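Undergrad: need a structure here:
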Amino acid sequence: LAQFVKISRQCGLVTTTGDHPPNNMASNLQKLCQTVPPPSSLLPKMIVFDLDDCLWTPEVFTLPSPPSIPVRGDLNPSTSSSAPHRQNPKSSPAEEGIIGMRCAGGGPTVHLFPGARATLRELVLNSHYADVTVALASSSLEPDYSHMCLDIEIVPGMSLMDVVSYAQIGRTGRLSPRKTSHFGLLREESGFSFEEMLFFDDCNWGDHVADLENALGVVGQRTPRGLQLSEFYEGLEKYRIRAQERPL
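TA: Numbers count the residues shown, from 1 in each chain. Next up is the predicted model:
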């Protein structure tokens, strides 16, 4: 208890004094778990992301033309403007890079959700995740457009494509609208078992998270408003609990 109160105070979750447990201990513990990553031994071997409405917006099938024009701006979500095509005048030059891909003729710009950018930067910059492999599973109707958008940078000089080790994008050939097909190929390519994977998907066009869990046992986290950093930690916590429940 004393250790919990100490950590909670350090995180700004408890402001009371004395040795009595705070009344809101349960909610504070939940918040603490959502901000502290699990031990490396309880991390997934591979984290898999959907693309449209999970990592970025708008959905590429709605675009009037290929998103072929790089848009530059601040890569740091803690300082950048919420508008993808406006540069922040206070941006550090060291953090400038490709923040979106725009369609010709003044068309829309595909850009990462702020929480998705923060999550990907966490995976890239935090050594705690050095052994975690990143992959993509998207049933995109316009896979060529999706691949163009992988040029969006996470940190200067490192694009989303550079971060990703495996990408299954589309719904033709061996891929179908059902993402069990994508995960079957991801397992073949990576050698990781389904129980070593964690999946994030918006599920706005079907509950892929439930389908994958029921069919293959993949742990998943829904991101209906685009990936939020809190949902990233929630997914990690779900995976940790599942991993601890497995028989040795």
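Undergrad: C-alpha from now on. contacts and neighbour counts both.
TA: Fine.
Undergrad: list the buried residues for stretch 183-201?
TA: 183-187, 193-201 (16 or more other Cα atoms under 10 Å).
Undergrad: before we move on, what about stretch 172-181?
TA: In stretch 172-181, counting by 16+ other Cα under 10 Å, buried: 175, 177-181.
Undergrad: which one of the residues you listed sits closest to T119?
TA: Set against T119, the nearest of those by Cα to Cα is K179 (22.2 Å).
Undergrad: dump the residue contacts of that closest one.
TA: Applying Cα atoms under 8 Å, 6 or more residues apart in numbering, one finds that K179 lies in contact with 137-139, 208, 212.
Undergrad: what are the ranges of the helices in this protein?
TA: Secondary structure of the chain (DSSP state H): helices located at 2-10, 25-33, 114-125, 143-149, 160-163, 180-190, 208-216, 229-245.
Undergrad: TSV for the ones you listed, including distance to I47?
TA: TSV is the format used below for these (distance: least, Cα to Cα, whole Å):
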stretch	distance to I47
helix 2-10	28
helix 25-33	19
helix 114-125	10
helix 143-149	19
helix 160-163	11
helix 180-190	11
helix 208-216	13
helix 229-245	9
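Undergrad: what's the closest of these to E59?
TA: It is, among these and with distance given as Cα to Cα, helix 143-149, at 9.1 Å.
Undergrad: from the contact counts, what lies against the closest one?
TA: Helices and strands touching helix 143-149, by 3 or more Cα pairs under 8 Å, 6 or more residues apart in numbering; DSSP states H and E, are strand 96-102.
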